[in-house]
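Engineer: mind folding the following:
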Amino acid sequence: MRAHTRVKGMRQRGRDDTTRLHGWANFALVFDCETTTDLREDLTFLWWRFCELKGDAYVCQREGVVHADTLDAAYVNIIETFARGRRADVEDGCPSDILVESRTTFVDGNFWDALRMGAVIVTFNAPFDLSRLALEFPRAQSKNTGWAMVLWKYQDKPDKLKPKLRIKPKDSRAAFINLAGGDPTIGAERSRTR
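Structural biologist: Residues are numbered from 1 along each chain as shown. Coordinates of the predicted model:
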């Protein structure tokens with residue numbers, strides 16, 4: 001997602017402020033990944049916020065940090081210690097603890113729930129950040145259709161009940177990102193009962 005910022009309360013030329021937010025998602029999942037410094041750039045951790053649109057602003061409802069499934073236990077301990085010593089920057093009445101979870105728990109839980117709710121997913125560089133969550137990258141079904149990312153597996157194979165993320169480049173600076181396949185109405189329960 002590319003964003004154009006503007007000063008809060010400032011009117012846009014030629015547009016009525018009352019229609020400015022029409023069509024915006026009710027929820028947003030915002031995250032940024034940190035990776036290893038080698039050529040693979042594997043996920044080490046990511047920080048996320050789940051926000052709800054209230055009035056003309058997204059307000060944080062939950063905040064957390066996600067570590068790679070294979071991250072060394074000593075580093076996981078550092079993340080947990082950091083999170084315990086801080087209060088989440090959330091709206092009053094929301095959980096004030098910073099949630100610490102693994103990549104698998106996040107993708108099966110908060111990320112999946114956000115997708116099912118129709119939340120907009122916001123990252124600095126979406127193809128890169130989303131690919132840090134992926135387990136594998138299957139070949140495209142047809143030529144020039146971009147590539148897919150498997151985020152969920154079931155019995156060591158791509159989960160057929162959950163979608164793949166599909167990225168199709170538009171040009172050198174933009175891409176179309178969507179979900180391909182799966183059935184979001186029945187895939188949630190299986191991932192939580194494994």
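Engineer: backbone phi and psi for residue 82, please?
Structural biologist: Per-residue torsions, residue 82: phi -60, psi -50 (degrees, to the nearest 10).
Engineer: tell me, how many residues neighbour it?
Structural biologist: For residue 82, the count of nearby residues is 13 (other Cβ atoms under 10 Å). For the C-beta atoms, the positions are set from N, CA and C on the backbone; glycine is no exception.
Engineer: in which helix or strand does the residue lying closest to residue 130 once chain neighbours are set aside reside?
Structural biologist: Nearest residue to residue 130, sequence neighbours excluded (Cβ to Cβ, 6 or more residues apart in numbering): residue 165, at 5.8 Å. Residue 165 belongs to strand 164-169 when assigned by DSSP states H and E.
Engineer: could you list the domains of the chain?
Structural biologist: Domain ranges of the chain: 24-124, 134-194, per automatic domain parsing.
Engineer: thinking again about what came up before, beta partners for the residue nearest to residue 130?
Structural biologist: Following DSSP bridges, residue 165 is listed with bridge partners residue 149, residue 179.
Engineer: show me where the chain has helices.
Structural biologist: In the chain, the helices defined using DSSP state H lie at 73-84, 103-106, 112-116, 126-131, 187-192.
Engineer: off-centre distance for the shortest one?
Structural biologist: Read it as helix 103-106. Computed by Cα atoms, centre = their mean, to the nearest Å, the separation of helix 103-106 from the middle of its chain amounts to 11 Å.
Engineer: what's the local residue count around the residue nearest to residue 130?
Structural biologist: If we define neighbours as other Cβ under 10 Å, then residue 165 has 22 of them.
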